[in-house]
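> generate a structure from the sequence data that follows.
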Amino acid sequence: MRRLPPHSLPFTLLLGALVTLSSFATDMGLPVLAATAHSLGVPPGRAALTLSVFIAGFALGPLLFGPLSDHLGRRPVLLFGCAMFAFFGALGAFSRSLGALLLWRTLMGVGAGACSVLVLAIVRDLFTGAEARVKQSYVNLAGGVAPIIAPTLGIAIATFGGWRAIYAALAIGGTVLLMAATLGLNETVTRGEPGTLSVRGVASSYLRVVRNPISLGYILVIAFNFGSLFAYVSASSLVLIGLLGVSQRTYGLLFAASALGLTTGAFTSARLSHRGVAHSTLISWGLSAVLTTAVVLVTLTLAGLLRVWLLVPLVVVGFIGHGTVRPNAAQGALEPMSSIAGVASAVLSGLQMLVGAVASALVAELFDGRTAIAMTGMMATSATASMLVYLLVVRPAEHAAAPSRSRALREEMPAS
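I've put the predicted structure just below:
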């Protein structure tokens, strides 16, 4: 059967759609958490656990399915992840208790995590160098549409069918993507060698990733960067609606405006990478934008000057930085791990979601209902950590590896 060519626009859009599963599953339900809690007869705060368990599942999925995909292939594992997301999303729509909903949400997260990690690995399988960074950027660009429309879409769907309709819609979306992936995607990796799926083989692969300063450094850059981003995502409704007094509908529009920064950053990254701008330059620009805006937000918060018209534009600029950093750093993490891209992608996705979950939990615990310092402080702390890892770990490691890379290229030239 004829599948989608890897360089085609439909192929990129399909990969982008697959990485949107997590955004739709988290952001669509944000505006109706209170309604969910009321329906299930639990306090509103407990309904927020649906976000936490989904993130936990999303972090677990890559660790399970990344190594499996290196051995069995990307395609069957990806299709299984899509099926999990759709099936347990459907069960979520019929949940009669919070406990049942939390279980189905966790398993939905596992499926979404499998899809996300395999998209990273597929790009690494098919592309290298600047071409891979461009493809990663365009996949992120397509995936960045989800946070823009998800909250407003969730409100619209809930208007007609309540919070249960949101889960039904997620199940339908997962089914559509399952069918599209079945028809459109070829296998991109050869079957693993015997023994690669043993406990010792998997452990050896994970150790190889964490012992590589370039790969681990880039993974930490992404993880801390995501912690900064998710601190805002998880607390945005508390701050914008609870503290700054915007309406639910206005919140959806402001959240969409903020998320637009991600797509802008990804598009900028793709265009500049295509024109030959070095990944180190793009990452440095992006991290500087994230850190600078976070520090300004902390300063405004401490001074009691934080307002909607200041908060949202600064977040947009910071999100442009996030959108620029991630595709370049992701390819930097996977580039040295071509033979175990599934495992490397698993470490990247799992650690990213772990840091995001910790940042979200800390913001929720420290939020006092009077100021936004828990949110802005966590944004600045995570952004600072990301910048320090890049400057103190990644850049020195890349400089040290440069001579050996140059020798390898010279040795390959006669053969080409």
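> mind picking out the helix or strand in this protein with the poorest mean pLDDT?
Scoring the helices and strands of the chain by mean pLDDT, DSSP states H and E places helix 395-412 at the bottom, with a mean of 67.
> I'd say residue 140 and residue 324 touch.
No. Taking CB atoms under 8 Å as the definition, residue 140 is not a contact partner of residue 324, at 9.6 Å. For glycine as for every other residue, the C-beta is placed from the backbone atoms N, C-alpha and C.
> those two: who's more crowded?
Set side by side, residue 140 and residue 324 show more neighbours around residue 324, with 31 against 26, by other CB atoms under 10 Å.
> residue 112: neighbour count?
The number of residues near residue 112, taken as other CB under 10 Å, comes to 31.
> what residues are up against it?
Residue 112 sits next to 21, 22, 25, 54, 57, 58, 61, 81, 85 when contact means CB atoms under 8 Å, 6 or more residues apart in numbering.
> look up phi and psi at it.
phi -60, psi -40 (degrees, to the nearest 10).
> quickly list what's touching both of residue 140 and residue 324.
266, 269.
> can you tell me how far residue 37 sits from residue 369?
Per CB to CB, to the nearest Å, residue 37 is found 18 Å from residue 369.
> those two: which is more packed in?
residue 37 (20 against 8).
> spatially nearest residue to the more buried one, not counting backbone neighbours?
residue 47 (3.6 Å; CB to CB, 6 or more residues apart in numbering).
> thought the one you found was touching residue 102?
No. With contacts counted by CB under 8 Å, residue 47 stays clear of residue 102, the gap being 9.8 Å.
> returning to that earlier point: how many other residues sit next to the residue nearest to residue 37?
23.
> so who does it touch?
33, 34, 36, 37, 40, 98.
> and those, which two are furthest apart?
34 and 98 (13.6 Å; CB to CB).
> out of these two, which sits in the more crowded spot?
Applying other CB under 10 Å to residue 34 and residue 98 shows that residue 98 carries more neighbours, namely 20 against 14.
> so what's the more buried one up against?
Listed by CB under 8 Å, 6+ apart, the contact set of residue 98 reads 40, 42, 46, 47, 49.
> report pLDDT for it.
At residue 98, the predicted lDDT confidence score is 91.
> try residue 192
The per-residue confidence score, pLDDT, reads 56 for residue 192.
> repeat for residue 233
84.
> from the chain's centre, how far out does the helix or strand hosting it sit?
Per DSSP states H and E: residue 233 is located in helix 213-237. Centroid displacement of helix 213-237 relative to its chain, using CA atoms, centre = their mean, to the nearest Å, is 9 Å.
> other SSEs contacting it?
Packing partners of helix 213-237 (3 or more CB pairs under 8 Å, 6 or more residues apart in numbering; DSSP states H and E): helix 199-210, helix 248-274, helix 279-302, helix 308-334, helix 341-366, helix 373-389, helix 395-412.
> in TSV, list the ones you listed along with distance to residue 91.
Output for these, formatted as TSV (distance: least, CB to CB, whole Å):
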stretch	distance to residue 91
helix 199-210	30
helix 248-274	27
helix 279-302	38
helix 308-334	32
helix 341-366	22
helix 373-389	33
helix 395-412	45
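> point out where the stretch 1-150 of the chain drops to low pLDDT.
For the stretch 1-150 of the chain, the stretches flagged by pLDDT under 70 are 1-2, 44-45.
> which residues in it form helices?
According to DSSP state H, counting those that start in this stretch, the stretch 1-150 of the chain carries its helices in the segments 9-19, 21-27, 33-40, 44-47, 49-72, 74-93, 98-126, 129-143, 145-184.
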